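Enquirer: My questions concern the predicted model and sequence given below.
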Amino acid sequence: QVQLVESGGGLVQAGGSLRLSCAASGLTFSNYAMGWFRQAPGKEREFVAAINKYGSSTFYAGSVKGRFAISRENAKNTLYLQMNSLKPEDTAVYYCAGDYGKLGTSFVEDDYDYWGQGTQVTVSS
């Protein structure tokens, strides 16, 4: 049974930092490109960042580029999202997702095969 479990969310003041983790089990993690998406209240889910299965290529949404960093440790079956200089508009539920077999990265939700349950990030002004 495939499981993706996010952690590390919470309440932080604007300008602060958080590090999200996504622990994967029930799959061969190194075979999956991974991504982070987020959904704010009343809005559709949107792409945040993606990383290829090797960890050698990354891609970011324009709204987070330069502030967020995606990384992975295949030996630990774990995906990370380091979020710096957080803004109130970053408030959302953050989801990790896995895309089997892709050589590169994707910002398309439908490309992803497995999803976590999400972790709440709240940034106060």
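Expert: Okay, I see it. Residues are numbered from 1 along each chain as shown.

Enquirer: From start to finish, how long is stretch 101-108 in a straight line?
Expert: 15 Å (CA to CA, to the nearest Å).

Enquirer: Then stretch 96-106?
Expert: One end of stretch 96-106 to the other measures 13 Å (CA to CA).

Enquirer: Could you pull out the buried residues of that stretch?
Expert: Using 16 or more other CB atoms under 10 Å as the test for burial, stretch 96-106 gives C96, A97, G98, D99, K102, T105, S106. (C-beta placed from N, C-alpha, C; glycine too.)

Enquirer: could those be laid out in TSV, adding pLDDT and distance to R45?
Expert: Output for the buried residues of stretch 96-106, formatted as TSV (pLDDT from 0 to 100; distance: CB to CB, whole Å):
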residue	pLDDT	distance to R45
C96	98	12
A97	98	10
G98	97	15
D99	96	15
K102	79	19
T105	91	17
S106	91	14
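
Enquirer: Can you tell me which of the residues you listed comes closest to V5?
Expert: C96 (8.6 Å; CB to CB).

Enquirer: And the closest one, how far from G42?
Expert: 22 Å (CB to CB, to the nearest Å).
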